[in-house]
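Peer 1: Structure of the sequence below:
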Amino acid sequence: MQIPRSMRTKAGRLIKFGVVGASGAVLNTGVLYALYRLAGLPLLMASALAVELAVISNYLFNDRWTFAAPRPSCRVFAKFNAVSLVGIGLNVLTVWFLVRSGVFFLAANLVGILISFASNYAFSVAWVWRRVA
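Peer 2: Numbering: from 1, shown residues only. The predicted model follows:
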């Protein structure tokens, strides 16, 4: 049985989005650790900054690799950043809530990343890169 090409394309895109997201998660976690533990920034500020740095990195990789856009676009970046802002909110609120509930801050951050990943992928396909997807 052969898998239809459109299904393979969608699965490949999801995998690429996941790989890019994983690289962003590593970046996010490292920056969060550095800003919170080493630099002593408040947790919410450190988390928000770490997520935004990961957003910029994720946009660049997703635009060129996942969705194979011909060139970066300020309009697409603005849309991706808006979608990611929702993800940032979900991530930061998750971290805040779980840490207040006694969960270790890095574990809480990973849960926040997973929640924001699902939201970001859905909106990226449906709105940000709709013409490419």
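
Peer 1: can we go C-alpha only for contacts and neighbour counts from here?
Peer 2: Noted.

Peer 1: Run through the neighbouring helices and strands of the helix or strand harbouring N91.
Peer 2: N91 is part of helix 74-100 when elements are defined by DSSP states H and E. When contacts are defined as 3 or more CA pairs under 8 Å, 6 or more residues apart in numbering; DSSP states H and E, helix 74-100 sits against helix 43-61, helix 105-123.

Peer 1: Only alpha carbons, please: show the first one as CSV.
Peer 2: Only the C-alpha atoms of helix 43-61 are listed here, as CSV (Å, rounded to 0.1, in the frame of the first residue of the first chain):
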residue,chain,number,x,y,z
LEU,A,43,11.5,33.7,36.3
LEU,A,44,8.7,35.2,34.1
MET,A,45,11.1,37.6,32.5
ALA,A,46,13.7,34.9,31.9
SER,A,47,11.1,32.6,30.4
ALA,A,48,9.7,35.3,28.1
LEU,A,49,13.1,36.3,26.8
ALA,A,50,14.1,32.6,26.3
VAL,A,51,11.0,31.9,24.4
GLU,A,52,11.4,35.0,22.1
LEU,A,53,14.9,34.1,21.2
ALA,A,54,13.7,30.6,20.3
VAL,A,55,10.9,32.2,18.2
ILE,A,56,13.3,34.1,16.1
SER,A,57,15.4,31.0,15.5
ASN,A,58,12.4,28.9,14.8
TYR,A,59,11.1,31.4,12.2
LEU,A,60,14.3,31.4,10.3
PHE,A,61,14.6,27.6,10.2
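
Peer 1: Can you mark which positions in stretch 93-104 are buried?
Peer 2: Buried positions in stretch 93-104, judged by neighbour count with 16 or more other CA atoms under 10 Å: L93, T94, V95, W96, L98, V99.

Peer 1: Now do the contacts for the fourth one.
Peer 2: For W96, the contacting residues are L43, L44, taking CA atoms under 8 Å, 6 or more residues apart in numbering as the criterion.
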